[in-house]
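Student: Build me a model:
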Amino acid sequence: MKKNYKFIIFIIIAIIALYFTRINYGEYGLKKSISACVIVQKQMSKEITDEKAKEICEKEIKKNK
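Tutor: Predicted coordinates for the structure are as follows:
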């Protein structure tokens, strides 16, 4: 019976740790995707501004998410 309690406590702690990891690092991938998209947009069109490229990329990435 003690083994079951230890296992259940371990699972609960693991779930909590994964939840906090997702909260802390969830935006990291999104920011990297947007910055990569902005770089590509700037290379494809020299006339586009950084702000406009960022707006376009945010719309496209959030639409696909």
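Student: contacts, neighbours, all on C-alpha from now
Tutor: Will do.
Student: residue ranges with poor pLDDT in this structure?
Tutor: Scanning the chain for pLDDT under 70 picks out 1-2, 65.
Student: at 90 what do you get?
Tutor: Of all residues in the chain, those with pLDDT under 90 make up the ranges 1-6, 21-31, 33, 42, 45-50, 58, 60-65.
Student: can you map out the strands along it?
Tutor: Here the chain has no strands by DSSP state E.
Student: what's around residue 14, how many residues?
Tutor: 11 (other C-alpha atoms under 10 Å).
Student: Please apply the same query to residue 10.
Tutor: Residue 10: 12 neighbours (other C-alpha under 10 Å).
Student: Kindly report the same for residue 48.
Tutor: The tally of other residues near residue 48 (other C-alpha under 10 Å) stands at 13.
Student: again with residue 29
Tutor: The number of residues near residue 29, taken as other C-alpha under 10 Å, comes to 10.
Student: and what of the one 3 residues further on?
Tutor: The local packing count at residue 32 equals 11, with neighbours defined by other C-alpha under 10 Å.
Student: quick one: contacts for the nearest residue to residue 58 once chain neighbours are set aside?
Tutor: Counting by C-alpha to C-alpha, 6 or more residues apart in numbering, residue 34 is the residue found nearest to residue 58 once chain neighbours are left out, at 6.3 Å. By C-alpha atoms under 8 Å, 6 or more residues apart in numbering, the contact list for residue 34 reads 54, 57-58, 61.
Student: now do 7 Å
Tutor: With contacts defined as C-alpha atoms under 7 Å, 6 or more residues apart in numbering, residue 34 is in contact with 54, 57-58.
Student: Now do residue 30 against residue 42, distance only.
Tutor: Applying C-alpha to C-alpha, to the nearest Å, the value for residue 30 to residue 42 is 18 Å.
Student: and what of residue 28?
Tutor: Taken as C-alpha to C-alpha, the span from residue 28 to residue 42 is 21 Å.
Student: Just want to know which of those two has more residues nearby.
Tutor: Higher neighbour count among residue 28 and residue 42: residue 42, with 16 against 11, using other C-alpha under 10 Å.
Student: isn't that one right next to residue 51, touching?
Tutor: No. In this structure, residue 42 is not within contact of residue 51 by C-alpha atoms under 7 Å, at 10.6 Å.
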